[in-house]
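Student: Here is my input, please return the structure:
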Amino acid sequence: MMKARFIFMALAVLSAAAPAQPVQPVQSVEQADAALALVAKDRNAVNAEFSASERECYTKFFVNNCLDKAKEKRRVALAEIRVREVDAEHFKRVASVAKRDADLAERTRKDAEEAALRAAQPPKAPKEEHAEPKAPTGPRVAEREAQHEAKVKRQEQKDAANATKRDANVAAFERKQAESQRRQEIVARKKLENEEKARKAAEKEAAAAKKAAQPAPAR
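Tutor: Numbering: from 1, shown residues only. Predicted structure coming up:
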């Protein structure tokens, strides 16, 4: 009875390990993208199925045996998914290299065509050199020089007038400063005189008070 059970378990593992159907080769970038999207979906489904089987195994008597079968089933399924994933990624890499080589060849062809067209065109005529502008005539030069001299002279007159005005302002300011200093000296001198008068008056008043306080001489 035990031997028959082991044979049944081995057959179940072998049947799970057998691929369901042969992998269809990818023949375009669109098919590769679709295959990779399906790979991600199938991988999530396999992992979800394993999680459900794992939870169910913990409710059975032969837990380890059940877990081993679930793990083997997941391994086989993920291996089949990985084969499809590798095939799709390989096709996309090959297609990318082929596209890059084709773009490079097309760019090389266009460069060669443009170079051939440039070589077939006749050479351009040399540009005509422009004649140098004639020097201005004498009267115009003399007129500009006269205008410049007049402008310089007006500026000198203006600067002289400004200098005279500045000198007058400085002189007026100095006179005001001297007058203010003289008034301050007069005020200070009068203050000293008043203080001296007040001091002498106070001394005189004090002497008179002291004299009045002395007793009269006996008769």
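Student: Quick check, central residue of this protein?
Tutor: Closest to where the C-alpha atoms of the chain average out (Cα atoms, centre = their mean) is R100, at 34.5 Å.
Student: Could you report the separation of it from R93?
Tutor: 11 Å (Cβ to Cβ, to the nearest Å). (Each C-beta comes from the backbone N, C-alpha and C, glycine too.)
Student: next one: R43
Tutor: For R43, the distance to R93 - Cβ to Cβ - is 20 Å.
Student: for E195, same thing?
Tutor: 112 Å.
Student: And R199, by the same measure?
Tutor: To R93, R199 is 117 Å away according to Cβ to Cβ.
Student: same thing with A70?
Tutor: With Cβ to Cβ as the criterion, A70 and R93 are 34 Å apart.
Student: now do E174
Tutor: E174 sits 96 Å away from R93, going by Cβ to Cβ.
Student: ok, now R74?
Tutor: The gap separating R74 from R93 is 28 Å, by Cβ to Cβ.
Student: Who has more neighbours out of those two?
Tutor: Neighbours per residue, other Cβ atoms under 10 Å: of R74 and R93, the larger number sits with R74, 18 against 11.
Student: before we move on, the earlier item: centre of the chain versus the helix or strand containing the residue nearest to the centre of the chain, how much separation?
Tutor: Taking DSSP states H and E as the criterion, R100 maps to helix 63-120. On the basis of Cα atoms, centre = their mean, to the nearest Å, helix 63-120 sits 38 Å off its chain's mean C-alpha point.
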